[in-house]
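A.B. asks: Using only what follows, build the 3D model:
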Amino acid sequence: MQTENVFVFDHPLIQHKISLLRDKNTGTKDFRTLVKELAMLMVYEVTKDLELVETEIETPIAKTKTKVLSDKKISLVPILRAGLGMVDGVTSLLPNARVGHIGLYRHPETHEPVEYYCKLPADVAESTVIVLEPMFATGGSLTATIDILENRYGCKDIRLVCLIAAKPGVERVMKDHPNIKLYCAALDEKLNEHAYIVPGLGDAGDRIFGTK
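C.D. replies: Here you go, the predicted structure:
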């Protein structure tokens, strides 16, 4: 599936690293490194339309006019806990980005998200918000996150970044929030009876933090 606001990366480096990430034999250390590297590679494209302003600098040879990023703030919002694994990769390119956190867990019976924590910059509505979530399965967590950002904080420029998305989840979110931009490294076909992405890569949080 490809819509105007859904971007699936086909860059060879990204596809190579996603394959390594999926492999059940990839250990915690390498898995964590791959998540960081993928986030860094993806944010390059996610930020390609950030506003630039003209400035003047002096090189060792002469003064010249050049361009730098505008003063518009960037806020990263990892969804706890797995989204934390993507933060270092993004901040390596955007070191001035602020980092807020939204905590959600999936109810074991309904598979719907339950909020347990939310701490965001006071002026988050004035910034470009990049939501970080490695796995996009049912779309429940991302829909809940968008609702919090839009309805509670008034955010307008929201971009969702995930490593692997499932078509049912993408369809749900894009139906409810058609103007949101979604970026992913892989788009898988379906979910299993436990609402895990197939083929996916298992539980991203457990594999990042070595808890299973």
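
A.B. asks: Residue 33 and residue 21, how far apart?
C.D. replies: As judged by Cβ to Cβ, to the nearest Å, residue 33 and residue 21 stand 10 Å apart. For every residue, glycine as well, the C-beta is placed using N, CA and C.

A.B. asks: One more: residue 136?
C.D. replies: 14 Å.

A.B. asks: Give me the more crowded residue out of these two.
C.D. replies: residue 136 (27 against 23; other Cβ atoms under 10 Å).

A.B. asks: May I have the beta-bridge partners of that one?
C.D. replies: Beta-bridge pairing of residue 136 under DSSP bridges involves residue 165.

A.B. asks: isn't it right up against residue 168?
C.D. replies: No: in this structure, residue 136 is not within contact of residue 168 by Cβ atoms under 8 Å, at 9.9 Å.

A.B. asks: Okay, now the unreliable bits of this structure?
C.D. replies: Applying pLDDT under 70 to the chain flags residues 1-3.

A.B. asks: just the strands in it please.
C.D. replies: 6-8, 52-58, 63-69, 74-80, 98-99, 101-106, 113-119, 128-132, 135-136, 157-166, 181-188, 190-191, 197-198 (DSSP state E).

A.B. asks: Present the ones you listed as a markdown table; the columns should include distance to residue 88.
C.D. replies: As requested, the strands of the chain are exported to a markdown table (distance: least, Cβ to Cβ, whole Å):
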| stretch | distance to residue 88 |
| --- | --- |
| strand 6-8 | 22 |
| strand 52-58 | 25 |
| strand 63-69 | 20 |
| strand 74-80 | 10 |
| strand 98-99 | 10 |
| strand 101-106 | 14 |
| strand 113-119 | 19 |
| strand 128-132 | 11 |
| strand 135-136 | 18 |
| strand 157-166 | 14 |
| strand 181-188 | 17 |
| strand 190-191 | 29 |
| strand 197-198 | 23 |
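
A.B. asks: Compare those and give me the one nearest residue 41.
C.D. replies: strand 181-188 (8.4 Å; Cβ to Cβ).

A.B. asks: For the closest one, what is the distance to the chain centroid?
C.D. replies: Here strand 181-188 is found 9 Å from its chain centre; the criterion is Cα atoms, centre = their mean, to the nearest Å.

A.B. asks: Which strands or helices does it pack on?
C.D. replies: strand 6-8, helix 12-22, helix 28-46, strand 157-166, helix 167-176 (3 or more Cβ pairs under 8 Å, 6 or more residues apart in numbering; DSSP states H and E).
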